[in-house]
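Asker: what's the 3D shape of this:
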Amino acid sequence: MPLKKLIFKPGVNRDQTNYAGEGGWYACNKTRFFSGFPQKIGGWALFTSSQYQGVCRSLFNWASSVVSTLGNYIALGTNEKIYVATGPTLHDITPLRTIAPNIALASTFVNTTSGSPTVTFTFAAVHNAATGDWLTISGVTGPVGGISSASLNTEFKITSVPSTTTLTVTTDTNATSTASGGAAGSGAFQIAIGSTISLSGYGWGIPSWGGSTSSPTTGWGVAAVVPLAVPIRLVYFDKYVDDLLFNIRYGDIYYWNVDTTFPRAVTLTASGLPGVSSVPSQVTQILFDGNSNVLLAFGCTAYSTLTYDPLLIRWASQANFANWAPSDDPGISTAGYLRVQQGSAILKAINNYSEILVFTESSLTSLKYTGTFPYVFSQNLISANITLIAPNAIIAVNNVLYWMGHDKFFSYNGRVEGLPSTLRQHVFENINITEADQFFAASNERFNEIWWFYCSSGQSVIDSYVIYNYAEQLWCYGNCDDGMIRTAWTDSPLNAFPQGASAGRDTTVTPAVYAQGDNYLYDHESGVDAGALPLPAYIRSADIDLEDGDKFVLVRRIIPDVSFTGSPSSSAAVDMTLYPRNFPGDPYAAANAEGQTLPRSIAITTNVNQFTTQVFSRVRARQIAFEISSEDLGVAWQLGAPRFDGRTDGGRA
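Answerer: Model prediction:
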């Protein structure tokens, strides 16, 4: 028979069986499609030079045009800290807590233990801090127990809380003696840390420790009727001219005036800005509308009350984003509010061209600036039949919105449409919905791609991704092994590459949880490797047969067609593998009763480089799958149209 050219349908399809998907691709990892042909994704390289603390969930890139602060900034929001990065350098701007941010130390307040770096601080008042929170000690005279003043007057993460007035920290040196001492000093307490994963349950004695006598009643050690839910910490950033605004979900609005000394952010209420008034608290999300020059709060406390309304939208005065007090006189204030009419809670608001799109758990509403007073904004229900799986699982690209619902993908380009996917079952039948708040969408505009990172079934940390190429309408997928756990992403034109926030994974517990490990920002599509390590990648076809498998085929020769453009290695090579089997239910590698591998089912792998002209093989089967893969440093590849030389070889096994 003549040479057979292997040109597969672009895109990966797992919503069909392997055999039914003949002529297409069935499995992959760390690959994408470009002009219809598969290739290895780009690698990544360190962007920041130091680690951030906690798990980063938010990235926001903006530029300052003021001469004194001219530069490119990236804001990072983790479950423990708020940072601003300038180039590779991280600056900690985490706010202090609003209640009792500074507490004096008591007399004889430093206690050390010989040979240990653990120090106990005693405060003059109840500190209300918890294990894992951050504080900065200052003003302590030393040394105490051989630990110097410099080692005592610094920032610490609290390691334990023995009592309401004491806490322990770990210093950078061991004490030389057991001692008590010190003089003066105080502690500055930062905002409490948040959770890295979603926690929920009925617990022991909830709602109050040891039970409750009020309705509903619970006894000592009896679980409560009302469950406890602890959401992960999400941070929402935006900017006004050059300055940074942000809120922690269900918390206060903070303000950071761009300053190259990088002071701590403060609440908008305490910012000292002219006219600051009636700033909402317990805000789900802030968003700045560039069309109207107005700052909005989505889901927040009502004006003049402390009652949180998850469907309430409030906006500040057009003349002053610090003034949230409505007025009958637009010369005083244009602040106002309205309430979304569909759904039970606002999940996400996102800017899109001339409107703000507001998502609840079941509806999509368009919010538009009217330019008239007092109805500064108007709302229009677009759909009451959509779902959004997580607040950050949505992204706008070229005025089109893409998002992940509870059981399918959606798009919006003036109207809501379901997004056809060849990986719908693969994704939504293997997903951990309890950790949905971790899921997020990311754009990679260089390759016309939307990425969704998510937790697969049984996993508490992000371990999987799915890619949609919106220009070619193709799908592929993969896992986050090989150092590709990402928890946040930004793809800004202010930087040459997209940046991804990395995280470590503690596999000593089941299911795995996040651990302080990698915790750097990385440039993606930079190089071809996973930092300093190889980046393995592969893609495998669905099975190919001849005459619907009626005859066996004997493959004698492969003529490869692979481009290694972009490979820094002069010896770049890939493996090409043929996986033979006789029936769709057969494994690709089978064993007999004695445990010996059957020769007809052995996968045939051959190494191919840019100088390989042909490869000889001997593979006989009814069905054959084709795979291209690489595992070495310095390898980039794109598959073309390889050919194989084969012939029919009878119908008997």
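Asker: ok, now which ones touch the residue nearest to residue 49 when sequence neighbours are not counted?
Answerer: For residue 49, ignoring the flanking residues on the chain, the nearest one in space by CB to CB, 6 or more residues apart in numbering is residue 88 at 4.1 Å. In short, each C-beta sits where N, CA and C put it, glycine included. Going by CB atoms under 8 Å, 6 or more residues apart in numbering, residue 88 touches 46, 47, 48, 49, 50.
Asker: with residue 489 instead?
Answerer: Counting by CB under 8 Å, 6+ apart, residue 489 has contacts 59, 440, 442, 443, 451, 453, 498, 499, 500, 501.
Asker: you'd agree it is in a helix?
Answerer: No. Assigned with DSSP: H, G, I helix; E, B strand; the rest coil, residue 489 falls outside any helix and is strand.
Asker: what residues are bridge-paired with residue 524?
Answerer: Taking DSSP bridges, one obtains residue 44 as the residues bridged to residue 524.
Asker: contact partners for the residue nearest to the spatial centre of the chain?
Answerer: Taking CA atoms, centre = their mean, the centroid of the chain lies closest to residue 487, which sits 2.5 Å from it. Listed by CB under 8 Å, 6+ apart, the contact set of residue 487 reads 55, 56, 57, 438, 440, 453, 462, 501, 502, 503.
Asker: redo that, cut-off 10 Å
Answerer: Residues in contact with residue 487 (CB atoms under 10 Å, 6 or more residues apart in numbering) are 54-59, 78-79, 196, 232, 392, 438, 440, 453, 461-462, 480, 500-503, 514, 519.
Asker: in strands only, show me those.
Answerer: Here DSSP state E is the test, and the contacts of residue 487 give 56, 57, 58, 59, 78, 440, 453, 500, 501, 502, 514 as lying in strands.
Asker: tell me where the stretch 451-600 of the chain has strands.
Answerer: Counting by DSSP state E, counting those that start in this stretch, the segments of the stretch 451-600 of the chain that form strands are 464-469, 474-479, 486-490, 499-502, 504-506, 513-515, 521-524, 537-541, 544-545, 553-559, 562-563, 573-581.
Asker: so what secondary structure elements neighbour the top strand by length along the chain?
Answerer: Across the chain, the longest stretch assigned as strand under DSSP E is strand 102-112. In terms of contacts (3 or more CB pairs under 10 Å, 6 or more residues apart in numbering; DSSP states H and E), strand 102-112 is packed against strand 118-123, strand 134-138, strand 166-170, strand 179-181, strand 186-189.
Asker: give me the buried positions along the second one.
Answerer: Think strand 134-138. Buried residues in strand 134-138, counted by 16 or more other CB atoms under 10 Å: 134, 135, 136, 137, 138.
Asker: give me the helix or strand of this structure that scores worst on average pLDDT.
Answerer: The weakest-scoring helix or strand in the chain, judged by mean pLDDT, DSSP states H and E, is strand 199-201 (a mean of 66).
Asker: returning to that earlier point: out of the ones in strands among the contacts of residue 487, who's nearest residue 429?
Answerer: Proximity of the ones in strands among the contacts of residue 487 to residue 429 (CB to CB) peaks at residue 453, which lies at 17.7 Å.
Asker: quick one: buried ones out of the contacts of residue 88?
Answerer: Using 16+ other CB under 10 Å, the buried members of the contacts of residue 88 are 47, 48.
Asker: export the contacts of residue 88 to a markdown table and tack on secondary structure, distance to residue 380 and pLDDT?
Answerer: What follows is those, written out as a markdown table (DSSP: H, G, I helix; E, B strand; the rest coil; distance: CB to CB, whole Å; pLDDT from 0 to 100):
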| residue | secondary structure | distance to residue 380 | pLDDT |
| --- | --- | --- | --- |
| 46 | strand | 46 | 96 |
| 47 | coil | 41 | 96 |
| 48 | coil | 42 | 95 |
| 49 | coil | 47 | 94 |
| 50 | coil | 46 | 93 |
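Asker: and the strands in the stretch 301-450 of the chain?
Answerer: Secondary structure of the stretch 301-450 of the chain (DSSP E, counting those that start in this stretch): strands located at 308-315, 336-339, 346-352, 355-360, 364-369, 377-383, 394-397, 400-404, 409-412, 416-419, 440-444, 449-454.
Asker: right, and residue 483 touches residue 535 too?
Answerer: Yes. In terms of CB atoms under 10 Å, residue 483 counts as a neighbour of residue 535; the distance is 8.5 Å.
Asker: what is in contact with the two at once?
Answerer: 44, 529.
Asker: between the two, who's got more neighbours?
Answerer: residue 535 (25 against 18; other CB atoms under 10 Å).
Asker: from residue 521, how far out is the more buried one?
Answerer: To residue 521, residue 535 is 18 Å away according to CB to CB, to the nearest Å.
Asker: same deal with residue 633?
Answerer: 22 Å.
Asker: more neighbours: which of those two?
Answerer: Neighbours were counted for residue 633 and for residue 521 using other CB under 10 Å; residue 521 has more, 26 against 17.
Asker: check contacts around that one.
Answerer: Contacts of residue 521 by CB under 10 Å, 6+ apart are 44, 46-52, 56, 59, 74, 76, 83, 85, 88, 90, 488, 490, 499-502.
Asker: what's the answer for residue 567, then?
Answerer: Per CB under 10 Å, 6+ apart, neighbours of residue 567: 40, 528, 573, 609, 610, 630, 632, 633, 634, 635, 636, 637.
Asker: most widely separated two among those residues?
Answerer: Maximum pairwise distance in the contacts of residue 567, criterion CB to CB, is 16.3 Å, between 610 and 633.
Asker: out of the buried residues of strand 134-138, which is nearest to residue 378?
Answerer: Closest to residue 378 out of the buried residues of strand 134-138 is residue 134 (43.3 Å), distances taken as CB to CB.
Asker: give me the pLDDT for the closest one.
Answerer: pLDDT for residue 134: 98.
Asker: give the contact list for the spatially closest residue to it that is not a sequence neighbour.
Answerer: The shortest distance from residue 134 to any non-neighbouring residue, by CB to CB, 6+ apart, is to residue 190 (4.4 Å). Counting by CB under 10 Å, 6+ apart, residue 190 touches 80-82, 92, 94-97, 101, 129, 133-136, 155, 157, 264.
Asker: out of these, which are buried?
Answerer: By 16+ other CB under 10 Å, these give 80-82, 92, 94-97, 129, 133-136, 157, 264 as buried.
Asker: appreciated, that's everything.
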